[in-house]
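Enquirer: structure for the following, please:
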Amino acid sequence: MAAVVALLPWLAWLAVAFLSFYLLNLLAHARSGLPPAPRPPPLIGSLHLLSDKPHRSLARLAKIHGPLMSIRLGVVTTVVVSSPAMAREFLQRHDLSDLSDFFPVLAPADLQGMRRRLARLFARLHAVFDAEVDQRLHGRDAGQPRKNDFLDVLLDVAAREDEKNLLDRETLRSHFTDLFAAGSDTSSNTVEWAMTELLQNPSSMAKVCDELAQVIGSRRNIEEADIVRLPYLQAVIKETFRLHPPAPLLLPRQPEMTVKIAGCTIPKGSRVFINVWAIGRDKDVWTEPEKFMPERFLGSTIDFRGVDFELLPFGARRRICPGMALAIRMVHVMLASLLNQFKWSLPVELERDGIDMDDQFDLTLAKVVPLCIIAPPI
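Expert: Next up is the predicted model:
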């Protein structure tokens, strides 16, 4: 009992110190000129406000604090952009540098073991790449015919004397890793989301299939040159990108210097997220934003190539996705081929219960429950 009594003054002092620190932190935030923000508790900041779907959590917070919002995640000041106008300010007028640990001082410790696990996974992936490159080089030495694919082009560049130091084996691994990590799931997930939305909207499915039958002909192969003649298919892809962007928060950016945006201070070293998922569902920009309606893009000049800030699945300006051109071709041709070669339908249980539309936040925005449908040939 005496020990407890002796601890009471210390506990009171600790509570006062904790409260003082919290109030001083709030005062410092108010004087810093940062964008509006939820009031964060010390140490953890506002991490507790984020769910396992941060794009949705940040969109909800933006409805309270505005389209330019600051939020402290750990000890890192983070700025979240959730409207086309604010996205234009950042991406067009104040293009920022890119990465980001929420507790940088702890980064070298790798407390979660993520760097160690990633190092092992990358080593296995690089071994696969090396084997493919070695096989191609041996084939060249043996006089086998060229395939004239992307790998052949890269190896041609690497073989030039003046380029030898610019495209070595390590650089090739980096190129292939980027393509593998950022170029596969993004395209396949987009096609899956498009099929999901079309199956839930029979009128849209009928329109896109009718367009393919009239322009291409049923069961015929689709070529890249056909895409420009398929406006409704293009509208379906745009609407899918609006509702289900592959990277809902884009890649985080970091200001190289302190800048002023809309009267607010964005400090050097802070993290900036562009919430394109929230922008795509902004009721001030889109009519019935939660509804899948490809018709909204028919006759519209809005595109997803980084010029129109209402639709930014690939980012914009200097840091726009380098694989955008390839992804656009792949997604259109893949979706058109699936629709033109098969007549799709839902299994009985999905017809009865509906499709699970829940998404999961990862490297890309994927469905929690993969789409399982029936595909008899036409």
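Enquirer: only C-alpha atoms from now on, for both contacts and neighbour counts.
Expert: Will do.
Enquirer: in stretch 299-308, what's buried?
Expert: Residues of stretch 299-308 classed as buried by neighbour count (16 or more other C-alpha atoms under 10 Å): 302-306.
Enquirer: and those residues, which is closest to residue 288?
Expert: Of all those, residue 302 has the smallest distance to residue 288: 16.8 Å, by C-alpha to C-alpha.
Enquirer: identify the residues contacting that closest one.
Expert: By C-alpha atoms under 8 Å, 6 or more residues apart in numbering, the contact set of residue 302 is 308, 310-311.
Enquirer: can I get these in a markdown table with secondary structure, pLDDT and distance to residue 233?
Expert: Below are these laid out as a markdown table (DSSP: H, G, I helix; E, B strand; the rest coil; pLDDT from 0 to 100; distance: C-alpha to C-alpha, whole Å):
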| residue | secondary structure | pLDDT | distance to residue 233 |
| --- | --- | --- | --- |
| 308 | coil | 92 | 19 |
| 310 | coil | 94 | 19 |
| 311 | coil | 95 | 17 |
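Enquirer: could you dump those residues to TSV with distance to residue 55?
Expert: Below are the contacts of residue 302 laid out as TSV (distance: C-alpha to C-alpha, whole Å):
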residue	distance to residue 55
308	21
310	16
311	16
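Enquirer: mind listing the helices for this structure?
Expert: 2-32, 54-65, 84-88, 114-141, 150-159, 169-183, 185-200, 202-215, 231-243, 276-280, 324-341, 348-353 (DSSP state H).
Enquirer: deepest-packed of those, please.
Expert: Comparing these by mean neighbour count (mean count of other C-alpha atoms under 10 Å), helix 276-280 ranks first with a mean of 29.
Enquirer: so what's residue 239 up against?
Expert: So residue 239 contacts 292-294, 297 (C-alpha under 8 Å, 6+ apart).
Enquirer: could you redo the last one with a cut-off of 7 Å?
Expert: 292-294 (C-alpha atoms under 7 Å, 6 or more residues apart in numbering).
Enquirer: re earlier: closest to residue 137 out of the contacts of residue 302?
Expert: The closest of the contacts of residue 302, once distances to residue 137 are taken by C-alpha to C-alpha, is residue 311, at 42.1 Å.
Enquirer: residues touching the residue nearest to residue 186 when sequence neighbours are not counted, list them.
Expert: Distances taken as C-alpha to C-alpha, 6 or more residues apart in numbering place residue 246 nearest to residue 186, at 5.4 Å, with adjacent residues excluded. For residue 246, the contact set (C-alpha under 7 Å, 6+ apart) comprises 186, 190, 313, 364-365.
Enquirer: look up how far residue 290 lies from residue 246.
Expert: As judged by C-alpha to C-alpha, to the nearest Å, residue 246 and residue 290 stand 17 Å apart.
Enquirer: same question for residue 273.
Expert: Relative to residue 290, and taking C-alpha to C-alpha, residue 273 is found at 22 Å.
Enquirer: which one's more surrounded, these two?
Expert: Ranked by neighbour count (other C-alpha atoms under 10 Å), residue 273 and residue 290 place residue 273 first, with 21 against 13.
Enquirer: center of this structure - which residue?
Expert: residue 247 (0.7 Å; C-alpha atoms, centre = their mean).
Enquirer: pretty sure that residue contacts residue 362?
Expert: No: contact criterion C-alpha atoms under 7 Å: residue 247 and residue 362 do not qualify, at 8.6 Å.
Enquirer: alright, I will stop here.
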